[in-house]
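Chemist: from the sequence below, what's the structure:
(one chain, ligands or ions: 1)
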Amino acid sequence: MTIIAYETSFDEAEIFDLYDSVGWNVWTRDVAKVCRGLANSHAVLTARDDGGRLIGLARTVSDDELVCYVQELLVDKEFHGQGIGRRLLERLKERYAHCRYFVLTTDHESTPEGIANHAFYRRLGLIEHHEQGLSAFALPVRNP
Ligand SMILES: CC(C)(COP(=O)(O)OP(=O)(O)OC[C@H]1O[C@@H](n2cnc3c(N)ncnc32)[C@H](O)[C@@H]1OP(=O)(O)O)[C@@H](O)C(=O)NCCC(=O)NCCS
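Modeler: Got it, this is the predicted structure:
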């Protein structure tokens, strides 16, 4: 059984293992910073297995009125394809259904990660900005 719940405090070793399982080494380089970011987020939703092991996480940055940014969504590599990512995102879609914007940034579909992520997000009903007359702009990412 997978338990989905909101959490507010974070263990660096657990967070390291989860992010490391999907190869996010930009994040695991400074896991204390990631944990501070999680603690400062609007909401952090986790997935844990029967034994309490952290196997998935999604977090948001939001004003809880107009906009919700999903800043990270990841599932431990061992548990991919079991519907955990869907459960996390569906729960957030419900939680922020009153917001006008529900948005996220992910890899471009010209990359291997992008191909997989686009397929996942499309299955969950999300579409790209340009498909609804929008664009996203950002400063260049520091330390890519
Ligand atoms: C993207 C990610 C969160 C998906 O989580 P998951 O638990 O494996 O996905 P699910 O099993 O819930 O899949 C949900 C749906 O998306 C589809 N899907 C998931 N990954 C897919 C892929 N690589 N290609 C095609 N479809 C895919 C599934 O078929 C499923 O469809 P269905 O529910 O209609 O049958 C997970 O692969 C992951 O953690 N990746 C690494 C981190 C990452 O890149 N996160 C996203 C960027 S922020």
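Chemist: tell me the SS of Arg122?
Modeler: Assigned by DSSP: H, G, I helix; E, B strand; the rest coil, the conformation of Arg122 is helix.
Chemist: that one: neighbour count?
Modeler: Residues lying near Arg122 (other C-beta atoms under 10 Å) number 11. Every C-beta, even on glycine, is put in place using the N, C-alpha and C of the backbone.
Chemist: ok, now Gly114?
Modeler: Here the number of neighbours of Gly114 (other C-beta under 10 Å) works out to 13.
Chemist: do the same with Gly133
Modeler: The number of residues packed near Gly133 is 6, by other C-beta under 10 Å.
Chemist: how about the contacts made by the residue of the chain found nearest the ligand?
Modeler: Going by C-beta to the nearest ligand atom, the ligand is nearest to Gly85 of the chain, at 2.3 Å. Gly85 is in contact with 56, 73, 75, 120, counting by C-beta atoms under 8 Å, 6 or more residues apart in numbering.
Chemist: not counting sequence-adjacent ones, nearest residue to the last one?
Modeler: What sits nearest to Phe120 in space, not counting adjacent residues and going by C-beta to C-beta, 6 or more residues apart in numbering, is Gly85, at 6.2 Å.
Chemist: what helix or strand is the one you found on?
Modeler: helix 84-95 (DSSP states H and E).
Chemist: so what are the sheet partners of the helix or strand following that helix and their directions?
Modeler: Downstream of helix 84-95, the first helix or strand assigned by DSSP H and E is strand 101-104. Using DSSP bridges, the neighbouring strands of strand 101-104 in the sheet come out as strand 67-75 (parallel).
Chemist: Val61 versus Asn143, what's the distance?
Modeler: Distance, Asn143 to Val61, by C-beta to C-beta, to the nearest Å: 20 Å.
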